[in-house]
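In: Pasting the sequence and the predicted model now:
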2 protein chains.
Amino acid sequence: MTTTKQVKSDITIAQEAELHPILDIASSIGLAEDEVELYGRFKGKITFDAIEKRKGATEGKVILVTSINPTPAGEGKSTVTVGLGDALTRLGKQSIIAMREPSLGPTMGIKGGAAGGGYAQVVPMEDINLHFTGDIHAITSANNALAALLDNHIHQGNELGIDPRRIVWKRALDMNDRALRHTVIGLGGPVQGVPREEGFDITVASEIMAVLCLSNSLDELKDRLAGMVIAYGYDRKPVYVRDLGVEGALTLLLKDALKPNLVQTIEHTPALVHGGPFANIAHGCNSVMATRTAMKLGDYVVTESGFGADLGAEKFLNIKSRAAGIAPSAVVLVATIRALKMHGGVNKMELATENTKALEAGLANLEKHMETLEAFEVPYVVAINRFITDSETEITLLKKWCEDRGVSVALTDVWANGGEGGLELAEKVLSEIETNKKVLKPIYELTDSISEKIEKIAMTVYGAEGVDFSPKAFKQIEQFESEGWGGLPVCMAKTQYSLSDDPVKLGRPSGFRITIRELKPKIGAGFIVALTGDVMTMPGLPKSPAANQMDVASDGRAIGLF
Amino acid sequence: MTTTKQVKSDITIAQEAELHPILDIASSIGLAEDEVELYGRFKGKITFDAIEKRKGATEGKVILVTSINPTPAGEGKSTVTVGLGDALTRLGKQSIIAMREPSLGPTMGIKGGAAGGGYAQVVPMEDINLHFTGDIHAITSANNALAALLDNHIHQGNELGIDPRRIVWKRALDMNDRALRHTVIGLGGPVQGVPREEGFDITVASEIMAVLCLSNSLDELKDRLAGMVIAYGYDRKPVYVRDLGVEGALTLLLKDALKPNLVQTIEHTPALVHGGPFANIAHGCNSVMATRTAMKLGDYVVTESGFGADLGAEKFLNIKSRAAGIAPSAVVLVATIRALKMHGGVNKMELATENTKALEAGLANLEKHMETLEAFEVPYVVAINRFITDSETEITLLKKWCEDRGVSVALTDVWANGGEGGLELAEKVLSEIETNKKVLKPIYELTDSISEKIEKIAMTVYGAEGVDFSPKAFKQIEQFESEGWGGLPVCMAKTQYSLSDDPVKLGRPSGFRITIRELKPKIGAGFIVALTGDVMTMPGLPKSPAANQMDVASDGRAIGLF
């Protein structure tokens, strides 16, 4: 089964791909020419009219792709998402992929991106990884317009009595820029504004990104923006965007960004690449608008969520599913032999060597995520995303381990073989959907208290023995519940590397407790963020940034992008 | 001649306009379907291939629109630019408009924008005034990527020996945000970067905007970016972008932004709306790429420059003309009765009253700009941009005053009547081009010293008696000439409201001297900025920002944009 192709870089494969005009892709899922706003020949936005017109249409089934806890070995969740979509297309299904759009900041920093890899990519990959259709720039603009309007309000007399020491709204840039994490602004004297402490987040960590991704319409977008808490007054009461009265202007800046972006895979499966909130401070899923639209246009929608199942799938199933009324018909749990061996204690340099002992030890991580999906009562399939270094013994061991537990498992080889490499997975997923009629049951009820919600997640999903709340968090819970925010879901901000809140504890840690340091009210997004440690909302650049290798040819072709 | 239409707002007129598909507009100037990258149905970017293919094509004639010193009464230079283009179309000429693209910051602050007005507008005006095709966002990204890479270099060991106290590159946002003028960044301890003073400019004041607007190709763009001075080392020597080695990445971020944007006027005249550098810290003209492309595609190109002729036209003729090898065949000098009366001493509230004395006094301002254009030896026509409150006596007086001097003059009424209102102007401009064969003669030679260049501009264009250089400026001139920058043109940063450097001196001040406080080397853009006073590179928001009135309907229609 292993193929011996010359290994090409993602950008080479993407640039060699022959794309179909996006209007042809649109037409293949029943979209008329005037229902797509073109951004060049190969990108388009689906109009509000097109979405409105299909309000009553039958909805396709959603397949959610998630993974074990990520390791430096790589899991390839996005790659499997794309490959599975292509495989379903090969099986004659009307399949649509719904993915997140990548942020420019990390692209400049370290190789990465969320457009898949190898022969399982969405294209045009350069555009998708650079400015794409401008959604993230629009969010940056709206985020910073709000900040400027807020500081201007204070400068011009501060009628609302906002306490400059208690502003929670931060400015944002789509850049990895550590020097902006902690700043002082408004210096220079009385005509230059009011001095105060400020920090910048990367744009994808802005609450506006989460708001955009959870809104079902322009009107809902405006309501959610109006409900964002941006500061507290001298009276300690929350100040909302609606108090400034600028939700209309912010919505105006975001009106095009809310429309789902249509692109294609290398194999011409339609893909809606739209929205990309952080998976720690936010819920880490692509937009509801895109997922819902894909459901109206396709029979099967393959989508993904950020990080491992303890973060991404938990948030999809507890937050996005509720906000959108979308329950996946099946979940794909991606694992790799390499990553499982890391969870079993092998160091990164030794992953190429066969090591069934380490693999067996690492299976505990996979097992915990399987238990989580069972707790949510969603049908699932384990996907083994094959790497060239995997031995047949290791693969057989992993397959057998799943089968012994009565769990459906499939080997995938989509990086090297595109949709062809995902056929077994696609068949198993279809069969699981056909035969397993379980219905999603969230882990907690919205009527649970904030601390109960956190405890249920920590104990059921992470396997913690309990939760410790800092005095600050404890006080905040009281305050939030008295503000009437107690009925919102909780968005956990925890390290993605471990089931616990300690990133070095790989595998399946036990006997640990989760510490909640602080809460953040994201009332527009509609959740309470619970921070379990320091959460980085503005990444930095490495010593040798990827930008140093980038260039562009005289004809405009991208060089060294990945 | 005065019409009695109900006065509609600019956005109402724009939204009522029936646009032609942009591919039809493209086709009307000989562009094939695959030579335009669509951004929706009504906006497109012209491909590099299309531009390359027409390298040897005959070039149309350029008409530059400039004005007297702007006043709060309004001159309508962009409106005349659009109306003149439409009028030329009505006369059967292949006419193309080449204008600047507006910045989002001022749109959020005070009514404004650079898309014309009334029935002389470029459309779709909402898009043009919001994110348009993302050019300015791309510049913001490139500007801030450079800043992040620079701070990261220092944080990661500072191999280049950059002095953090001598960084001249500033971050940028396309926002009016006074609180970002003076900041301190890099706070929070050793892993958060190196603390230093920093300030943010509005994006259109970024040197990258000027660089983009003065580049003739992607390769030239990269060279100019590489040549930008971003800091000085501990050894006091300049540090260039090329020392960081990131010009390739910056060019990659700007590759689409360099392509001219094609839109249309309400009357379907093709318009290239592209680039919009500040007219004080930079040269205030639309891009060379767009102007040149328009010349290849049309017989007449109507373009404009920022502020009055003392700033915009001077910079067009001394800087842009040189960088691009473009000499206008005629200049239109826009004046209004109202503005001339303000220059003659009338206060804004009394402009509706006939006042020939004030008008006569204010003519001195117009006269000075006429002398400037004569010094440049360019053919010109005075355009009287009619307002409803102008009396026949006043109009007759102004016309006769021009005619007595042998100067061609035309009354225009394009705000109310579109191209129809610009026919007289169009005819006079065509006749001037036909009969007046003067050839542009720049005011100074590049071989003049920096101080000679400044003196020639101040004395010939402003009518100053001389120039005083601060000790700092004096020292900088020495330093810049020793760095080999002495052969660059000078870009004056002076108040737009007065011919002098004192904004309250309206009309035609005399007996004044110009003070040069400081110089700024913009080596990538290819000019030395000479500052005559405080130059605002980050505007603020007013007490009641325009954003407060903005909204968007459920179907995505913009409300209250203007």
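Out: Thanks, I have the structure now.
In: How many neighbouring residues does A:Ala309 have?
Out: Neighbourhood size, A:Ala309 [other CB atoms under 10 Å in any protein chain shown]: 29. Using the backbone N, CA and C atoms, a C-beta is placed for each residue, glycine as well.
In: Contact partners for it?
Out: Neighbouring residues of A:Ala309 by CB atoms under 8 Å, 6 or more residues apart in numbering or on different chains: A:66-68, A:331, A:333, A:369, A:372-373, A:461.
In: Might you report the residue contacts of A:Gly298?
Out: By CB under 8 Å, 6+ apart, the contact set of A:Gly298 is A:29, A:60, A:94-96, A:270.
In: quick one on the thing from earlier: okay, and which of the contacts of A:Ala309 map to helices?
Out: Counting by DSSP state H, the members of the contacts of A:Ala309 that fall within helices are A:369, A:372-373.
In: Helix or strand: which one has A:Pro105?
Out: Let me fix one detail, which is that residue A:105 is Gly and not Pro. Assigned by DSSP states H and E, A:Gly105 belongs to helix A:104-109.
In: Identify the residue of the stretch 351-500 of chain A closest to chain B, quick one.
Out: For the stretch 351-500 of chain A and chain B, the shortest gap (CB to the nearest CB) falls at A:Thr495, measuring 16.9 Å.
In: State whether that residue is indeed within a helix.
Out: No. With DSSP: H, G, I helix; E, B strand; the rest coil as the criterion, A:Thr495 is located in coil rather than a helix.
In: quick one: it and A:Asp534 touch, right?
Out: No. The criterion here is CB atoms under 8 Å, and A:Thr495 misses it with A:Asp534 at 9.5 Å.
In: Disregarding residues adjacent in the polypeptide, which is nearest to A:Asp413?
Out: Of all residues not flanking A:Asp413 in the chain, A:Gly421 sits nearest, at 3.4 Å (CB to CB, 6 or more residues apart in numbering or on different chains).
In: Quick check, the one you found in contact with A:Ala410.
Out: No. Counting by CB under 8 Å, A:Gly421 sits too far from A:Ala410 to count as a contact (10.4 Å).
In: So which of these two has more stuff around it?
Out: In this view A:Gly421 and A:Ala410 are compared by other CB under 10 Å, and A:Gly421 has more residues nearby, 27 against 22.
In: What parts of the stretch 401-550 of chain A come near chain B?
Out: The stretch 401-550 of chain A comes close to chain B at residues A:540-541, A:543, A:545, A:547-550, as judged by CB under 8 Å from any CB of the partner chain.
In: From the residues you listed, list the buried ones, please.
Out: A:540-541, A:545, A:547-550 (16 or more other CB atoms under 10 Å in any protein chain shown).
In: Surely A:Asn143 touches A:Leu150?
Out: No. If you go by CB under 8 Å, A:Asn143 and A:Leu150 don't touch, sitting 11.0 Å apart.
In: which of those two has more neighbours?
Out: Neighbour totals were compared for A:Asn143 and A:Leu150, and A:Asn143 leads with 27 against 23 (other CB under 10 Å).
In: Would you mind listing the residues in contact with the more buried one?
Out: Here A:Asn143 is in contact with A:171-172, A:203, A:206, A:208 (criterion: CB under 8 Å, 6+ apart).
In: Can you name the residue of the stretch 201-350 of chain A nearest chain B?
Out: A:Gly248 (3.2 Å).
In: Please, which helix or strand holds that residue?
Out: Per DSSP H and E, A:Gly248 falls inside helix A:247-254.
In: what mean pLDDT does that helix have?
Out: For helix A:247-254, mean pLDDT is 97.
In: for stretch A:376-390, same thing?
Out: Computed over stretch A:376-390, the mean pLDDT rounds to 96.
In: which bits of the stretch 201-350 of chain A sit near chain B?
Out: Near chain B, when you scan the stretch 201-350 of chain A using CB under 8 Å from any CB, you find A:217-219, A:222, A:245-246, A:248-249, A:251-253, A:255-256.
In: Name only those of those that count as buried.
Out: Among these, the ones that count as buried (16+ other CB under 10 Å) are A:218, A:222, A:246, A:248-249, A:251-253, A:255-256.
In: Who are the contact partners of the closest residue to chain B within the stretch 451-562 of chain A?
Out: In the stretch 451-562 of chain A, the residue that lies nearest chain B is A:Asp551 (3.2 Å; CB to the nearest CB). Shown in contact with A:Asp551 (CB under 8 Å, 6+ apart): A:559-560, B:248-249, B:251-252.
In: can you tell if stretch A:38-49 touches chain B?
Out: Yes. Under the criterion of CB under 8 Å from any CB, chain B is reached by stretch A:38-49 at A:38-41, A:48-49.
In: Quick check: end-to-end length of that stretch?
Out: From its first residue to its last, stretch A:38-49 covers 15 Å (CA to CA, to the nearest Å).
In: what pLDDT does A:Ser9 get?
Out: 84.
In: nope, A:Met1 is what I was after
Out: 42.
In: Which single one of the contacts of A:Asp551 is nearest to A:Asp404?
Out: Set against A:Asp404, the nearest of the contacts of A:Asp551 by CB to CB is A:Gly560 (46.4 Å).
In: for the stretch 301-450 of chain A, what spans make up the strands?
Out: A:330-335, A:380-385, A:409-412 (DSSP state E, counting those that start in this stretch).
In: and the last one, what does it pack onto?
Out: This means strand A:409-412. On a contact count with 3 or more CB pairs under 8 Å, 6 or more residues apart in numbering or on different chains; DSSP states H and E, strand A:409-412 meets helix A:77-90, strand A:380-385, helix A:392-404, helix A:423-435.
In: Could you pull out the buried residues of the third one?
Out: In this case it means helix A:392-404. Residues A:394-395, A:398, A:401-402 are the ones in helix A:392-404 that count as buried (16+ other CB under 10 Å).
In: Burial check on the nearest residue to A:Arg242 once chain neighbours are set aside, number of neighbours?
Out: Sequence neighbours aside, A:Ala226 is the residue nearest to A:Arg242 in space, at 4.0 Å (criterion: CB to CB, 6+ apart). A:Ala226 has 20 neighbouring residues, counting by other CB under 10 Å.
In: give me every residue that touches A:Ala226.
Out: By CB under 8 Å, 6+ apart, the neighbours of A:Ala226 are A:240-242, A:247, A:524.
In: Go again with 10 Å.
Out: Taking CB atoms under 10 Å, 6 or more residues apart in numbering or on different chains, we find A:Ala226 in contact with A:240-248, A:250-251, A:523-524.
In: Surely A:Pro379 touches A:Asn436?
Out: Yes. Counting by CB atoms under 10 Å, A:Pro379 does reach A:Asn436; the two are 3.6 Å apart.
In: Would you mind listing the residues touching both of the two?
Out: Contact criterion CB under 10 Å, 6+ apart; residues shared by A:Pro379 and A:Asn436: A:329-330, A:408.
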